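**Q** Provided below for reference: sequence and predicted model.
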Amino acid sequence: MAQAYSGGVTKTRLYTTRVQAPDYLPDYLVAKAHLNPRAADLSTTACAIVHTPTQLYLWVGADCSADHRHVAERHVSRLQKYEHAPTEILVKEGHEPSAFWELLEGGCDAYKAAMELQ
């Protein structure tokens, strides 16, 4: 994971929304940091945030709930406030620009392969 310094990041970071309780409870949703930003870590039922020194993508899965989106938007706000992240670029599943996939290990092909296994 990238190390923060003076309000910035040194490389790509990935956060995904995840439930932190046995039962789905909105109060237990968090933005989980991933050590290696991989496309296979995206889930159609969640949101993801891809943060680089110059870009901030908010990716919304096709089956993402409003609760997951709220948690992701709140985390984006924190990154902007405390780490001076740029304005987010909203990306909906299925409409990702190639620049988005280039930031994640495996890219679009790895994501499609992971979705076939689910």
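**A** Happy to help now that I have it.

**Q** and residue 68, helix, strand or coil?
**A** helix (DSSP: H, G, I helix; E, B strand; the rest coil).

**Q** Please report phi then psi for residue 113.
**A** phi -60, psi -40 (degrees, to the nearest 10).

**Q** how many neighbours does it have?
**A** Neighbourhood size, residue 113 [other C-beta atoms under 10 Å]: 12. (Each C-beta comes from the backbone N, C-alpha and C, glycine too.)

**Q** How about residue 69?
**A** Residue 69: 16 surrounding residues under other C-beta under 10 Å.

**Q** And residue 31, by the same measure?
**A** 20.

**Q** beta partners of it?
**A** residue 17 (DSSP bridges).

**Q** remind me which residues of the protein are low pLDDT?
**A** 1-10, 21-28, 118 (pLDDT under 70).

**Q** How are the helices of it distributed by residue range?
**A** Using DSSP state H, the helices assigned to the chain run over residues 66-83, 98-102, 107-117.

**Q** hey, which of the ones you listed is tucked in deepest?
**A** The highest average neighbour count among these, using mean count of other C-beta atoms under 10 Å, belongs to helix 66-83 at a mean of 16.

**Q** just checking, what packs against that one?
**A** In terms of contacts (3 or more C-beta pairs under 8 Å, 6 or more residues apart in numbering; DSSP states H and E), helix 66-83 is packed against strand 13-19, strand 29-34, strand 47-51, strand 56-60.

**Q** Export those strands as JSON lines, with columns for distance to residue 101.
**A** Shown next, in JSON lines, are those (distance: least, C-beta to C-beta, whole Å):
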{"stretch": "strand 13-19", "distance to residue 101": "13"}
{"stretch": "strand 29-34", "distance to residue 101": "16"}
{"stretch": "strand 47-51", "distance to residue 101": "10"}
{"stretch": "strand 56-60", "distance to residue 101": "10"}
